[in-house]
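Trainee: Got a predicted structure here, sequence first:
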Amino acid sequence: MDSKGYKCLLISDFTIDNLAAYLNNDADSPQVKSNTASFGQVAQVLTDKNLDCWKDNPDFTVVWTQPERVITSFNHIINYKDVPIKKLLKEVDDYSSLLLNIRDRTRFIFVPAWVFPSYHRGFGMLEMKTGVGIANALMRMNLRLSENLDKAANIYLLNTQRWLTICGGNVFNPKLWYMGKIAFANEVFREAAKDIKSALRGISGNSRKLVILDLDETLWGGIAGEIGWENIKLGGHDPIGEAYLDFQRALKSLTNRGVLLGIVSKNEETVALEAINRHPEMILKLKDFVGWRINWQDKASNIVELARELNLGLQSVVFVDDSPVERARVREALPEVFVPEWPDDKMLYRSALLGLHCFDYPAISKEDLERNRMYLAERRRKEAKKEIGSPEEWLKSLKIEVRVKELGAAELPRAAQLLNKTNQMNLSTRRLTELELITWAKDKNHKLWVFRVRDKFGDSGLTGIISLAVNGRTGRIVDFVLSCRVIGRKIEEAMLQKAIGYAQGCGLQEVRAEYIPTAKNKPCLEFWRKSGFKLNKEDRSFIWKLNSNFTLPDYINVIQE
Amino acid sequence: MTMKERVNLVIFMAVDEVNQMLPKEKRLKKSEDSVLLSPVGGLDSLGLVNLIVATEEKVKEELGVILTLADERSISAQNSPFKTIGTLADYIALLLEEKTGG
C-alpha cells in the first residue's frame, strides 16, 4: 500500500465497474484505487501474469465470478442435466488452482462465494436433496472452494449470501444484466465494498479492539441511581428486558473472539457496580470488563484515560451510548474513536452491535481468544505494582520468563498478525503478508526472532518480534515490534540483547536501527531514546557498537528454544 | 405538488444513488438542466444504465407505478428523453399520463 491507499484489481465475468465505483468513491477508509480486468477474461487474467492489468502491481485483487459461467458442470445442473458430483467438484478444484496461482502476484485476494439467482426455484422441494438440488450442489461447490483456498493464507472467501440477504428484494435485477451485464443490484456492490474495506482495515491493523459502554439505558433499562438496581429493566418476561439481556449476551460473545469491554458511565461508582454485581440476570460480570471509569466527569476525558490505562490507542476504541448528546460530544472531541449511530429502539441493540464493520481480523490467534484473560492478568499486575514500592522490585516479583525462537511455520500466522496490527511499539511499521514475512525471514542474510512472554500472573503469548538484516559488517534492525500488553517489562531489552548477541557472534561491528515515524509510534521512539543506543541525528538511526555487551537484568529469565 | 415536481423529486433520489458511485467532479447536479448524455460530458453508458434502473425503482417505490424507461420507443425517439434530467422528467410524466389515463 502506498500513502494514497490500496491499489486493487477487479476480475470478473460480469460488469464489475459499480463495485470499483463504490470502492473508489466512498468516504470510508482506507482509500482504494480500483482497476477492472478485461470483461469476461477470468481464466486468461488468472493464468497470464504478463497481461497489462497486472503491471500496476495491485495490493489486492477481487475475483468475483458466477458459478454457471466458470464451472461448466454447474451450467448443466441448472439446465436440469444429470452431472456426477465427482466431476462437478473436479472442476471446482481446477478453478481453485487458478485462484491459488495468483497468490504470489498480489498481497490479498478476496473471492466472493458463489451465489445463484433467487428467482430460479430449481427443483423446488428437492433443492436441498443431495445429488439432485441445484442449491445443494452450490453449497458443496462453495464448501470445496473454501477448503481448497484454505491452502493460501492470503485468500479470503467472502460471504456473498449475507450481502444478498441484507439487500433483500430485487438483488438479481434482470434489467441490469440485459442492459449492462451487471450481475447484481447496486446495493449488493455497496455491501461488498463495505465488507472489503472492513477486511482491509483488519489486515492493516486498524480493527477495533475495545468496546466502551455506557450503563443506564445502554446495558440495562432505567437509571439505576434513581430506581435502584432491583428495578432496572433486564431480563424477565418483558420484551425490552429480554432485548437488553440479548444485547449483553452479544457483548459477551465478542469477548470470546478477543474484543475487550470497558465502561464509561456518568454514575455513582458504588451504585453502578452494585447493579452489575447483584442483579441476578446480569450476563456481564465485573470480570468481563477490562476497566471502567464510572464518575461524573466528561466522557471523552474518561475514554482517553481508560484507553491509556489499557495501553490502547483511541483508534482501537468503539463507544456505545444510547444518548445522542454524549455520542456527538465524543465524536467531536475524539474523532479517532468510532461512535456508531445507535438505534432508539432497544430491541435493535443486539443487531446493531453484531452488524458493526470494525472487528475484522485476517486470522484468529490463540492470543486473540485469550485477550480478555490477559488484560485481567494485567490489571492484577498493576494492582501488585501499586503495593510494591519500586518499579524494579515490581518487575522482580513478576518472575518474567521470555522464550525466544526463530520464526517457523507454527509461529507464522501470529507473527504476521502482530507485525501488521502493532502500531505503538513498532520501529518501522512494516506490513507484510505471511508469505512475504516467511520469505524475508528465510533469506540467508536475515534473521527474525519471535518472543513469548509469561510471568506469575499468566501467559501473554507471542508478543514480540525483532529482525536483523546483515549487510557487510553492519546489522540493521528491520522490525522491532512489541505488543502493548507487555511494554515496559524489559522485554524490549531482551529483544535487543538477542539481536546484539547474534550480531557479535557474527563478528559484526555495529547494529543500527532506523526509526520511521508514524502518527502512532511515538512510544517506540521514547524507548529507543533511553535504550542506550547512540542517536545519529543525520539519518535518524540509533547505533550500538558491538565492542560492548548489552546487559539485561538477571531477573528476566530468557530461554532460547 | 404537481406531477412534474413529484417526478423531479423521484429522479433526484435516483441521482443521489448514482452519485455515490461517481467521483466528486463527475457527480450530477440535481437540476432540470443537468446534462445526462452529451459528447462532452454527463454520464457514461454504464452510468446511464445505473440511472435508468435506479429511476425505475424509485418511480415504483414512490409513485407505485411500474415503468420501462429504456425500450425501443425511448431509444429510437428523435429527441432522446435521456438528454437532461428535465427531458427525462417530461418523458416519465408522459408515460405516467398514458399509464394512468390522467
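Mentor: Cool, the structure landed.
Trainee: What residues does whichever residue of the stretch 151-300 of chain A sits closest to chain B make contact with?
Mentor: For the stretch 151-300 of chain A, the nearest residue to chain B under the criterion Cβ to the nearest Cβ is residue A:180, separated by 4.0 Å. Every C-beta, even on glycine, is put in place using the N, C-alpha and C of the backbone. With contacts defined as Cβ atoms under 8 Å, 6 or more residues apart in numbering or on different chains, residue A:180 is in contact with A:15, B:45, B:46, B:49, B:50.
Trainee: ok, of those residues, which come out buried?
Mentor: With neighbours counted using 16 or more other Cβ atoms under 10 Å in any protein chain shown, the contacts of residue A:180 contain these buried positions: A:15, B:46, B:49, B:50.
Trainee: Distance of the residue nearest to residue A:100 when sequence neighbours are not counted relative to residue A:33?
Mentor: Spatially, and ignoring its direct neighbours in sequence, residue A:100 is nearest to residue A:152 (5.7 Å; Cβ to Cβ, 6 or more residues apart in numbering or on different chains). As defined by Cβ to Cβ, to the nearest Å, residue A:152 lies at a distance of 24 Å from residue A:33.
Trainee: neighbour-wise, which of the two wins?
Mentor: Applying other Cβ atoms under 10 Å in any protein chain shown to residue A:152 and residue A:33 shows that residue A:152 carries more neighbours, namely 19 against 16.
Trainee: Next one: that one relative to residue A:539, how far apart?
Mentor: Residue A:152 is 38 Å from residue A:539, by Cβ to Cβ.
Trainee: got a list of what the residue most central in space within chain B touches?
Mentor: Compute the mean C-alpha point of chain B, and by Cα atoms, centre = their mean the closest residue is residue B:88, 4.6 Å away. Contacts here follow Cβ under 8 Å, 6+ apart; on that basis residue B:88 touches B:11, B:36, B:55, B:69, B:81, B:82.
Trainee: Give me the buried entries from these.
Mentor: Buried members of the contacts of residue B:88, counted by 16+ other Cβ under 10 Å: B:11, B:36, B:55, B:69, B:81, B:82.
Trainee: Looking at those residues, which is nearest chain A?
Mentor: Comparing every one of these with chain A (Cβ to the nearest Cβ), the shortest separation belongs to residue B:69, at 9.6 Å.
Trainee: now the closest one, nearest residue through space, not along the chain?
Mentor: Closest residue to residue B:69 apart from its sequence neighbours, by Cβ to Cβ, 6+ apart: residue B:52 at 5.0 Å.
Trainee: Over stretch A:329-348, what's the mean pLDDT, rounded is fine.
Mentor: Throughout stretch A:329-348, pLDDT has a mean value of 96.
Trainee: Now the terminal residues of that stretch, how far apart.
Mentor: Length of stretch A:329-348, first residue to last, Cα to Cα, to the nearest Å: 23 Å.
Trainee: gap between it and the chain center?
Mentor: In terms of Cα atoms, centre = their mean, to the nearest Å, the centre of stretch A:329-348 is set 21 Å apart from its chain centre.
Trainee: Please give me every residue in contact with residue A:396.
Mentor: Each residue near residue A:396 by Cβ under 8 Å, 6+ apart is listed here: residue A:555.
Trainee: Dump the buried ones among the contacts of residue B:88 to TSV, plus pLDDT.
Mentor: Conversion of the buried ones among the contacts of residue B:88 to TSV gives the following (pLDDT from 0 to 100):
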residue	pLDDT
B:11	96
B:36	91
B:55	95
B:69	91
B:81	90
B:82	91
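Trainee: Among those, which ones are in strands?
Mentor: Using DSSP state E, no member of these falls within strands.
Trainee: So which bits of the stretch 51-200 of chain A are right by chain B?
Mentor: The stretch 51-200 of chain A has residues A:170, A:173, A:175, A:176, A:179, A:180, A:182, A:186, A:190 near chain B, with proximity defined as Cβ under 8 Å from any Cβ of the partner chain.
Trainee: contacting residues around the residue of the stretch 251-400 of chain A found nearest chain B?
Mentor: Proximity of the stretch 251-400 of chain A to chain B (Cβ to the nearest Cβ) peaks at residue A:357, 16.7 Å away. Contacts here follow Cβ under 8 Å, 6+ apart; on that basis residue A:357 touches A:194, A:195, A:197, A:198.
Trainee: picking that back up, and the buried ones among the contacts of residue A:180, which of them are in helices?
Mentor: For the buried ones among the contacts of residue A:180, membership in helices holds for B:46, B:49, B:50, with DSSP state H as the criterion.
Trainee: Adding pLDDT, write those out as JSON lines.
Mentor: Supplementary listing: those in JSON lines, determined by pLDDT from 0 to 100:
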{"residue": "B:46", "pLDDT": "89"}
{"residue": "B:49", "pLDDT": "91"}
{"residue": "B:50", "pLDDT": "92"}
